[in-house]
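Attaching a predicted model along with its sequence, questions to come.
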Amino acid sequence: MRKLLAILELFRIDQHRDRVVPATGFTATLTTLTAGAMAFLVVFALALSFAADRLAARWTSALEGTATIRISAPQDQMKVQVEHALAILSTTQGVETARALSIDEQQTLLEPWFGPDIPLADLPIPQLIEITETSDGFDAQGLRLRLSAEAPGAILDDHMRWRKPLVQAARRLAILGGLSILVIALTSGAMVMLAARAALAANAQVISVLRLIGAKDSYIVAAFVRRFSVRAFLGAVLGVILGGVAVMFLPSDGATASVLTGLRFQGADWIWLAVVPPALACVAFLATRFAARRVLGELS
Amino acid sequence: MIELENVAYSYGGGELLSDMTLSISAGAFYFLTGPSGAGKTTFLKLCYGALVPTAGQIRIFGNDVRSMSRDDIAVARRRIGVVHQDCKFIDHMNVEDNIALPLAVSGNNTLAEDANIKELLAWVGLSKRAKAFPPELSGGERQRAALARAIIMSPDVILADEPTGNVDWEMSERLLKLLLELNRMGKTVLIASHDLSLIRSAKSQVQARVLRISNRRLQLAGANL
């Protein structure tokens, strides 16, 4: 109960107490700057995290429900194997549509690598069959067995082989973004703690006077904690504004939509920026409280 | 109020104070004298719980100082007004706010705005210096501001460590007069001082007990003062 009262004491507005710790000084500036820099980094970590999340979602949705069959066979067997493969697909449960890509479509696919003038008809390139799955999907293993019997040059690519690691990479990138935010929060806490310890040392006379006149530890702690939390909050607001502006200059979704994703915040993502200053103020609150309690204990 | 029983205090391997027994009773007036370095300040610090004795027992308002938490000691200090020779203040707060600080600290913020502060400032002769900052005050003004801060909570005991150490004779007399007035109001006063003329002056106005620290021990000084 006493502990709870001591914590509640931190939230009580007391103009007299709030003036006890000097408003200026290098530790106060250091706290503001640290919080500002950390908030700036948090904005980028958030942007990275959201972008990675969007990327994973995009790759998943874009490739989900489709598969490709690639038929590599001698020219004289190609047509037969394609027909066999299409016949198998037409009777396979879970396959909604299946069609062989035309020469023009294959040309378009290869254009980014070989240019527009490639004589595709003269080259021994495989024939592609595009498959659209039903919502239940098909049995890939069973289909492979049937294809190997009737179209030995056919290779089923259900995109899992490369989709999975890509989506996994994007998800990990999102987690990495989250971890970065955690590391930034911990670093902020450590920096504020150091600043608070320096402030407590620099204000030894204030502490000594307060103790002489009968101030409880909770009063002294609250005076320092409130000062540092407010400083951290203001610094974080500044950092978030600067970070938000900087993120607006990053590539948008439109510029990189085909493969990547935009790094800018989208829609409700912006709301998260409002969470950063109070969150950093909370970190400062806890760090200063911990430092102040320790220092007061050491001074006794 | 404050009782010391066979108290000793050691620091850095050496014993500074030894076998001290004293009961500071309500409404009494004490002088504590002795040469510089005799341990007067240490004795006062023991009396208000800033130091814990290495031997013996100190009871502050009936509580053994060893069993008191930091918060318990803080609460006890609100009943003990302390005036130090170096008069520490919070330098970025003005005199008025510094004097009102004990009220704020004890949660009596409404009282802090009370006219009592103005009266107190007038009583110590600092009405015109209320908005000044501590570094702007003279030695005498600092001592009077410290005294005002020490008594704003209407403490039971006032402990003053060399309160006239940095002031001229006229100001010493003025401060003594204030302390004598407080004693007449029923407050217990203990002044640590090596200023014998101040003690003689006080003895002519009040029945004061004079204690002397000699050879680390507390003695009652007699006529040989």
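Perfect, I can see it now.

Check the gap between the residue nearest the centre of chain B and residue B:140 for me.
The residue lying closest to the centre of chain B (CA atoms, centre = their mean) is residue B:159, at 1.9 Å. Per CB to CB, to the nearest Å, residue B:159 is found 19 Å from residue B:140. Glycine gets a C-beta too; all of them are placed from N, C-alpha and C.

residues from chain B in reach of chain A?
By CB under 8 Å from any CB of the partner chain, the residues of chain B that approach chain A are B:50, B:70-71, B:74-78, B:82, B:84, B:88-93, B:97, B:100-102, B:104-106, B:109, B:112, B:149, B:153.

tell me which residues of the longest helix anywhere in chain B are tucked away?
In chain B, ranked by residue count with DSSP state H as the criterion, the top helix is helix B:169-184. When burial is assessed from 16 or more other CB atoms under 10 Å in any protein chain shown, helix B:169-184 yields the following buried residues: B:171-176, B:178-180, B:182-183.

Looking at these, spot the one nearest chain A.
Distance ranking of those against chain A, using CB to the nearest CB, places residue B:182 first at 17.0 Å.

Surely the closest one and residue B:157 touch.
No: applying CB atoms under 8 Å, one finds residue B:182 not in contact with residue B:157, separated by 10.4 Å.

In the stretch 201-300 of chain A, which residue sits closest to chain B?
residue A:214 (3.8 Å).

Next up, the contacts around that residue.
Residue A:214 sits next to B:74-78, B:102, B:105-106, B:153 when contact means CB atoms under 8 Å, 6 or more residues apart in numbering or on different chains.

same thing but at 10 Å, please
For residue A:214, the contacting residues are B:48, B:71, B:73-82, B:101-102, B:105-106, B:153, B:155, by CB atoms under 10 Å, 6 or more residues apart in numbering or on different chains.

Quick check: residue A:89 touching residue A:150?
No: counting by CB atoms under 10 Å, residue A:89 stays clear of residue A:150, with 11.0 Å between them.

which other helices and strands contact the helix or strand harbouring residue B:74?
Applying DSSP states H and E as the criterion places residue B:74 in helix B:70-77. Helices and strands touching helix B:70-77, by 3 or more CB pairs under 10 Å, 6 or more residues apart in numbering or on different chains; DSSP states H and E, are helix A:204-212, helix A:217-248, helix A:271-299, strand B:55-60, strand B:63-64, helix B:95-105.

Report the strands that pair with the shortest one, each with its relative direction.
Looking back up the chat, that one is strand B:63-64. Sheet pairing of strand B:63-64 (DSSP bridges) gives strand B:55-60 (antiparallel).

got the buried residues for the strand it pairs with?
Buried residues in strand B:55-60 (16+ other CB under 10 Å): B:56, B:58-60.

Please tell me how far residue B:103 sits from residue B:156.
17 Å.

quick one, which of the two is more surrounded?
More neighbours surround residue B:103 than the other of residue B:103 and residue B:156, with 23 against 18 (other CB atoms under 10 Å in any protein chain shown).

isn't that one right up against residue B:96?
No: at 11.4 Å, residue B:103 does not count as touching residue B:96 under the criterion of CB under 10 Å.

list the contacts for residue A:278?
Counting by CB under 10 Å, 6+ apart, residue A:278 makes contact with A:229, A:232-233, A:236-237, A:285.

I meant residue B:98, not that one.
A:209, A:213, B:87-92, B:133-134, B:145-146, B:148-149 are the contacts of residue B:98 under CB under 10 Å, 6+ apart.

Buried subset of those residues, written for PyMOL?
To isolate the buried ones among the contacts of residue B:98 in PyMOL, judged by 16+ other CB under 10 Å, type:
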select buried, (chain A and resi 209+213) or (chain B and resi 87+88+89+90+92+133+134+145+146+148+149)
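
From the contacts of residue B:98, pick the one nearest residue A:158.
Ranked by distance to residue A:158 (CB to CB), those are led by residue B:92 at 71.8 Å.

so what's the closest one up against?
By CB under 10 Å, 6+ apart, the residues touching residue B:92 are A:19-25, A:203, A:206, B:98, B:133-135.

Look up the residues forming beta bridges with residue B:5.
When assigned by DSSP bridges, residue B:5 has beta-bridge partners residue B:57.

Is it in contact with residue B:65, as I believe?
No: between residue B:5 and residue B:65 there is no contact under CB under 10 Å: 11.2 Å.

With just CA atoms, put stretch A:201-216 into PDB.
Extracted in PDB, the C-alpha atoms of stretch A:201-216 (Å, rounded to 0.1, in the frame of the first residue of the first chain):
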ATOM      1  CA  ALA A 201      25.000  14.200  -8.200                       C
ATOM      2  CA  ALA A 202      24.900  17.800  -9.500                       C
ATOM      3  CA  ASN A 203      22.000  18.600  -7.200                       C
ATOM      4  CA  ALA A 204      23.400  17.100  -4.100                       C
ATOM      5  CA  GLN A 205      22.800  20.300  -2.300                       C
ATOM      6  CA  VAL A 206      19.100  20.300  -3.200                       C
ATOM      7  CA  ILE A 207      18.800  16.700  -1.900                       C
ATOM      8  CA  SER A 208      20.700  17.600   1.300                       C
ATOM      9  CA  VAL A 209      18.400  20.600   1.900                       C
ATOM     10  CA  LEU A 210      15.300  18.600   1.200                       C
ATOM     11  CA  ARG A 211      16.400  15.900   3.700                       C
ATOM     12  CA  LEU A 212      17.200  18.500   6.300                       C
ATOM     13  CA  ILE A 213      13.700  19.900   6.200                       C
ATOM     14  CA  GLY A 214      12.000  16.500   6.400                       C
ATOM     15  CA  ALA A 215      11.400  15.500   2.800                       C
ATOM     16  CA  LYS A 216      10.600  11.800   2.400                       C
END
